[in-house]
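Participant: I'll drop the sequence and a predicted model, then ask my questions.
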Amino acid sequence: MTELRNTNPTMDVVEALCLAAAESSGQGVGVLVINYNTARQTLRCLESIQQSTLLPDWVLVLDNASAAADYHHLLEGARAPQVGSLRIYRSERNLGFAEGSNVLIDLLLKQATCNYIMLLNNDAVAQKDMLALLRDALQAAGEGAGLAGGRMHNLANPAEVDTLGIALYASLMPADRKTLDDLYVGPTGGCCMFNRALVEQLKAVSGYCFDPRFFCYCEDTDLVMRAVLMGYRPVYLDQLLALHEGQASSGGATTLSLPTMGCAMPCGCTSSWHLPISGGGMGCFGCWHTS
């Protein structure tokens, strides 16, 4: 086993399993999945990814300090991919979705030919065209899009919308977008694809992709807002990408929290997000004022 040390010296992540096919797909796509005491769902998710019309070159899974029985179930149930590689990592500390995703993103960035990074909730079942649709949408939109998402429906009732991405309301509280009538802010972290340029710019500006202080809620909203303020315009694809069980790892918790940074912008807006934007200056997400 190979021990990996993140930039945070207190965080040790171990590579526990590597299963590799004889060749890669050459598509430049990596998929990231996080497991926490839900090995059954994770294995189901991994199986659905291997049914894709566009197969990924890399699939990385982080076990987030699951109980021993669940962790061993994950290792024993993993199957070698048709092409590319599957790597399972283990953290002895629950890093949450935000920091756990950052660890996997950093590992994937070591692959020089990785141009697209897919995040998928472990309790989701990917549709066969998910990866191809998102990759093609980002290619068509150009690097200015940065990230893309689409429809997730309820696994138990596939006709029912689970989320159409992130919506932001007048209270500045984010929520799952349930109707096309609501403004699309960006994709949910449970089913989204980034291009490499966005990831590298987020890290250059903020030092990370997801702010680890969020742990497992609102981290995707924060990332999307920072991306938009840097000049990116997320793509929404109105096609079904995945079916989602929902809250399998979190146990049904729904508590949300937002950062409070205070307003230093001349617009006087009460928005908490004032961040660097493309071309210099600062942007206010609440009213789109820039200075």
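Facilitator: Sure, I can see it. Numbers count the residues shown, from 1 in each chain.

Participant: all helices for the stretch 1-150 of the chain, in order.
Facilitator: Ranges of helices within the stretch 1-150 of the chain are 39-49, 68-77, 96-109, 130-141, based on DSSP state H, counting those that start in this stretch.

Participant: As TSV, those with mean neighbour count, distance to Asp12 and mean pLDDT would be great.
Facilitator: In short, each C-beta sits where N, CA and C put it, glycine included. Shown next, in TSV, are these (neighbours: other CB atoms under 10 Å; distance: least, CB to CB, whole Å; pLDDT from 0 to 100):
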stretch	mean neighbour count	distance to Asp12	mean pLDDT
helix 39-49	20	21	98
helix 68-77	15	15	98
helix 96-109	23	10	92
helix 130-141	20	31	97
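
Participant: between those helices, which gets nearest to Pro234?
Facilitator: Nearest of the helices of the stretch 1-150 of the chain to Pro234, taken as CB to CB: helix 130-141 at 9.2 Å.

Participant: Now render the helices of the stretch 1-150 of the chain as JSON lines, adding distance to Thr179.
Facilitator: Shown next, in JSON lines, are the helices of the stretch 1-150 of the chain (distance: least, CB to CB, whole Å):
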{"stretch": "helix 39-49", "distance to Thr179": "26"}
{"stretch": "helix 68-77", "distance to Thr179": "36"}
{"stretch": "helix 96-109", "distance to Thr179": "25"}
{"stretch": "helix 130-141", "distance to Thr179": "21"}
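
Participant: wait, which of these is closest to Gly84?
Facilitator: helix 39-49 (10.3 Å).

Participant: Isn't Tyr89 up against Glu15?
Facilitator: Yes: using CB atoms under 8 Å, Tyr89 is in contact with Glu15, at 5.5 Å.

Participant: Between those two, tell me which one has more neighbours.
Facilitator: The neighbour comparison of Tyr89 against Glu15 (other CB atoms under 10 Å) goes to Tyr89, with 24 against 15.

Participant: Now do the same contact list for that one.
Facilitator: For Tyr89, the contact set (CB atoms under 8 Å, 6 or more residues apart in numbering) comprises 4, 13-16, 60-63, 103-104, 107.

Participant: and Pro187, what does it touch?
Facilitator: 147-150, 165-166, 193, 220, 224, 234, 236.

Participant: Excluding sequence neighbours, find me the nearest residue to it.
Facilitator: Excluding its sequence neighbours, the residue lying closest to Pro187 (CB to CB, 6 or more residues apart in numbering) is Gly149, at 2.3 Å.

Participant: What is the neighbour count of Gly207?
Facilitator: Using other CB under 10 Å, Gly207 has 10 other residues around it.

Participant: Roughly how far does it sit from Val83?
Facilitator: In this view, Gly207 and Val83 are 34 Å apart by CB to CB, to the nearest Å.

Participant: circling back to that earlier point, ok, the contacts of Tyr89 vs Thr188, which is closest?
Facilitator: The shortest approach to Thr188 among these belongs to Leu104, at 17.1 Å (CB to CB).

Participant: any idea how far Met130 is from that closest one?
Facilitator: From Leu104 to Met130 the distance is 18 Å (CB to CB).

Participant: Also Asn102?
Facilitator: From Asn102 to Met130 the distance is 23 Å (CB to CB).

Participant: same check, this time on Leu95
Facilitator: Distance of Leu95 to Met130, computed by CB to CB: 25 Å.

Participant: Next: Val199.
Facilitator: Distance from Val199 to Met130, by CB to CB: 19 Å.

Participant: Repeat that for Leu60.
Facilitator: Distance from Leu60 to Met130, by CB to CB: 17 Å.

Participant: same question, Pro187
Facilitator: 12 Å.

Participant: now swap in Gln111 and tell me
Facilitator: 20 Å.

Participant: measure stretch 151-162 end to end?
Facilitator: Using CA to CA, to the nearest Å, one end of stretch 151-162 lies 8 Å from the other.
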